[in-house]
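Visitor: Everything below, folded, please.
(one chain, ligands or ions: 1)
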Amino acid sequence: MELKIKDLYKSYDHGKTYAINDVSADFTPGIYGILGPNGAGKSTMFGMLTDNLRPDKGSITADGEDIYKMGADYRAKIGYMPQQQSLYEAFTAEKFLWYMAALKGMNRKDAREQIENLLEVVNLKEERYKKLKYFSGGMKQRILLAQALLNDPEILILDEPTAGMDPEERIRIRNFISGCAKDKIVLLATHVVADVENMAREILLIKNGKIVRRDTPQKFLAELEHKVYNVLVTEREGEEYQNSGARIISVTLTEKGHRLRIISADALKTGNVEEVYPCLEDVYLYWIDRE
Ligand SMILES: Nc1ncnc2c1ncn2[C@@H]1O[C@H](COP(=O)(O)OP(=O)(O)OP(=O)(O)O)[C@@H](O)[C@H]1O
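Guide: Presented below is the predicted three-dimensional model:
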């Protein structure tokens, strides 16, 4: 499967501002992390990719065919996990999956098999008869992921899958996602860098409706090698760094003073300087602040 977005535009105010502004990208099976701040345009792009919104201009094709012309044939190939919304609160987990399977037009035999399998995969077998209104945030995310996977989609679209989860649940759901992503195009939008740190084949940085950059995590990290430092400074030295326009990624208060994490092309001289290996959070902040 090849999914291709070409010259895509979408505005909500008749062309005054574009939530998606001239975006082109293509995807083959693998996990793609789509990172961007609030309002960058991630949900709008997903709206168009799931046939819930129509672009003002541009095209989206799946194996060369226009997805809007394919209609139901295209929708049968996708699984969509939206940002957490009010679910069908009075439904039990199992009933919700049956309902979603019916909406997806699945036959009873396939639905039964998939529901059993997915309740197991997302670790909700024991909660199958529990009403969704009693689910925690993390359990709701897991059942939403399960419904997205019901039709064994070729394209899986996940909008902030770890929102509202505690750290343990985040790890669990990341593992589910990387486990079920085989042979699928997985587009995962998040502003939590750790969500995609270890599993994304490529990262797309999106801001103000545009793809700012797209590359493999390895390439992004290599570019920042020998440019990231931890510097232990006094308060006054810390101010000097701030005033010098250095790119400070974080400030931590330690017993020995302020520890700054700084990205700099030049070697640093002030304070107790230690070069460190970059992480994807550095990459994200570096690129998102820069544009
Ligand atoms: N229905 C709408 N009507 C008007 N403007 C909208 C609508 N939906 C989104 N926008 C605007 O379009 C831009 C992109 O929003 P979008 O929700 O796609 O971003 P996002 O990256 O998904 O953000 P978040 O991470 O907060 O969900 C924002 O400026 C937003 O205010």
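
Visitor: And the strands in the stretch 101-250 of the chain?
Guide: For the stretch 101-250 of the chain, the strands defined by DSSP state E, counting those that start in this stretch occupy 155-159, 185-190, 202-207, 210-215, 228-233, 247-254.

Visitor: Out of these, which gets nearest to C279?
Guide: In terms of CB to CB, the element of the strands of the stretch 101-250 of the chain nearest to C279 is strand 228-233, at 8.2 Å. Every C-beta, even on glycine, is put in place using the N, C-alpha and C of the backbone.

Visitor: which residues touch that closest one?
Guide: Here strand 228-233 makes contact (CB atoms under 8 Å, 6 or more residues apart in numbering) with 241, 249, 254, 256-264, 268, 270-278, 282.

Visitor: Tell me which of the residues you listed fall in helices.
Guide: Secondary structure from DSSP state H places Y241, D282 of the contacts of strand 228-233 in helices.

Visitor: Give me the subset of the contacts of strand 228-233 lying in strands.
Guide: 249, 254, 257-263, 272-275 (DSSP state E).

Visitor: Let me see the contact set for the closest residue to the ligand within the stretch 151-291 of the chain.
Guide: As assessed by CB to the nearest ligand atom, the ligand sits closest to H191 within the stretch 151-291 of the chain, at 6.1 Å. H191 sits next to L35, G36, P37, N38, E160 when contact means CB under 8 Å, 6+ apart.

Visitor: Enumerate every residue touching the first one.
Guide: Under the criterion of CB under 8 Å, 6+ apart, the contact list for L35 reads A189, T190, H191, V193, V196, I203, L204, L205, I206, Y284, I288.

Visitor: got it, and the fourth one?
Guide: By CB under 8 Å, 6+ apart, N38 lies in contact with H191.

Visitor: ok, back up a step: among the contacts of L35, find me the one that's closest to E126.
Guide: T190 (28.0 Å).

Visitor: Select only the buried ones of the contacts of strand 228-233 in PyMOL?
Guide: Selecting only the buried entries of those in PyMOL, with 16 or more other CB atoms under 10 Å as the criterion:
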select buried, resi 241+249+257+258+259+260+261+262+263+264+268+270+271+273+278+282
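
Visitor: weakest of the strands of the stretch 101-250 of the chain in terms of mean pLDDT?
Guide: If you rank the strands of the stretch 101-250 of the chain by mean pLDDT, strand 247-254 sits at the bottom with a mean of 92.

Visitor: Tell me the strands beside it, with direction?
Guide: Strands that pair with strand 247-254, judged by DSSP bridges, come out as strand 257-263 (antiparallel).

Visitor: pLDDT score assigned to the residue nearest to L87 when sequence neighbours are not counted?
Guide: Excluding the flanking residues, the one nearest L87 by CB to CB, 6 or more residues apart in numbering is L132, at 4.7 Å. In this model, L132 is scored at 95, pLDDT.

Visitor: Quick check: residues of the chain near the ligand?
Guide: Within the chain, the positions adjacent to the ligand are Y12, A19, G36, N38, G39, A40, G41, K42, S43, T44 by CB under 6 Å from any ligand atom.

Visitor: Each with direction, which strands does the helix or strand that contains the second one pair with?
Guide: For A19, the host element (DSSP states H and E) is strand 18-27. For strand 18-27, sheet partners with direction are given as strand 3-11 (antiparallel), following DSSP bridges.
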